[in-house]
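In: the sequence and its predicted three-dimensional model are supplied below.
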Amino acid sequence: MRVMFAASAGADQVLPLVSTAVALRAAGHEVLVAAAGHGRDGGPAVLAACGLPAVDLAPEADLGAVVRRLRSDPLLRHVTTSARIPADLDPLCRVRAELAEVMAPAAVRVAERFAPDLVVCTAAQGAGPLAAAVVGVPWVEHGVNLTDSVNTSRLVVSAMNASPQHYGVRALAPPSAVLSVVPPSMGGIGGWPMRPVPNDGGGLLPEWLLEPPSRPRIAVAVGTALPALSGLGEVGRLLVAAERLDVELVLVMPGDEANMMGGLPGNVRVGGATPLSLLLRASSAVVHHGGAASALAALDAGLPQLVLPRGADHFVSAEVLRRRGVALVAEPANVDADLLERLIADRALAVNATAVCGELRALPTPSEIATRLVSLAGSPKLSEAAS
């Protein structure tokens, strides 16, 4: 069987689906992942580092400019899980539709040439469902974060300027299945629940990571491009706060970017290229910006979280985590030693994080879900060609 994955731009969107793609390939199926984005945080580069064949759907597009506009949209702060703003005003939906416009033509070409039996799309990915409709095969919506809904991809397609008819399709069919990585106690969206097993590639582990830490270890993953884009920002405040505490802070960023910050306090390490999921297994807590991959990896590790939302869907994810009692949420400007101390000392955070980890470990694994996905490939064509 041939399976085409279609992913939205960015590492946070592609990493949560890696384990599913790897499970299908391990079962003997041919997999190709179509994504977009540039640099080490771009989807194709991340997928290649994880050992998956990938194709770039927008090699010439400046997706970074689109994402920067999204992050600056003031409406993002008003999007909550209890009161969603209308889809036609939702900045996330608008920008996702803009990204889908850029990626759709290439996604259709790739699907026509690869001839998949099934298309699996990350939620909110509009190009994938269109490609599946054009080649007449079933498609599956693959959840990648805590804020997806079963209608996300179809809302994105409806917000695109180019309608399905533009691609020779009369109407977009619903997904044959929806894979949900949302823990049940955090409002699982139904469909096929699946454990989000982190898979962020391999890497050389520093020897110190294999030794039990002598004091609480806090992993910090607030984005690898932060120093270059906005100076020290929250990282600088975290360094100042950590210097006052008996903790070990580990920065998840390449050494060259860490060097931009000059001398580091004695209790701060640079994790370099160590995959986040491996670092979390040897940590006591994690600080991150609210990205999907970071949030899910922290839940899988059963760690208390401090979320410093910056843009995109970070604010919504942060609110979901806070309501479940597994995370503290703060503005970057409010980071101080007291906040970090609470992160590692709050017993309720630790208990709740352990409970959610247990929920995830009880869900079907990507390997089990892969078996069910195979059965969908024989489904009848679910889209109608335009006459």
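Out: Perfect, I can see it now. Computed from a prediction, not measured in an experiment: that's the story for all the values here.

In: strands of the stretch 51-200 of the chain, start to end?
Out: Under the criterion DSSP state E, counting those that start in this stretch, the stretch 51-200 of the chain carries strands at the ranges 54-56, 118-122, 139-142, 169-171, 177-180, 192-193.

In: could the ones you listed go into a markdown table alongside distance to E211 and mean pLDDT?
Out: (Each C-beta comes from the backbone N, C-alpha and C, glycine too.) As requested, those are exported to a markdown table (distance: least, Cβ to Cβ, whole Å; pLDDT from 0 to 100):
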| stretch | distance to E211 | mean pLDDT |
| --- | --- | --- |
| strand 54-56 | 35 | 89 |
| strand 118-122 | 37 | 93 |
| strand 139-142 | 37 | 92 |
| strand 169-171 | 57 | 79 |
| strand 177-180 | 37 | 91 |
| strand 192-193 | 36 | 92 |
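
In: in the strand or helix carrying V33, what's buried?
Out: Mapping V33 onto the secondary structure by DSSP states H and E places it in strand 30-35. Within strand 30-35, the residues that qualify as buried are V31, L32, V33, A34, A35, counting by 16 or more other Cβ atoms under 10 Å.

In: just how off-centre is that strand within its chain?
Out: Its chain's average C-alpha position is 17 Å from that of strand 30-35, according to Cα atoms, centre = their mean, to the nearest Å.

In: and it, what does it pack onto?
Out: With contacts defined as 3 or more Cβ pairs under 8 Å, 6 or more residues apart in numbering; DSSP states H and E, strand 30-35 has these neighbours: strand 2-6, helix 11-26, helix 43-49, strand 54-56, helix 91-114, helix 127-135.

In: what angle separates the second one from strand 2-6?
Out: Between helix 11-26 and strand 2-6, the angle comes out at 170 degrees (axes from the mean of the first three to the mean of the last three Cα atoms, to 10 degrees).

In: helices or strands up against helix 11-26?
Out: Other elements packing on helix 11-26 under the criterion 3+ Cβ pairs under 8 Å, 6+ apart are strand 2-6, strand 30-35, helix 43-49, strand 118-122, strand 139-142, helix 292-301, helix 366-376.

In: give the contact list for R342.
Out: Contact criterion Cβ atoms under 8 Å, 6 or more residues apart in numbering gives L328 as the residues in contact with R342.

In: let's see that with 10 Å instead.
Out: With contacts defined as Cβ atoms under 10 Å, 6 or more residues apart in numbering, the neighbours of R342 are P304, L306, L328, L349.

In: the third one belongs to a strand, doesn't it?
Out: Yes. Using DSSP: H, G, I helix; E, B strand; the rest coil, the secondary structure at L328 is a strand.
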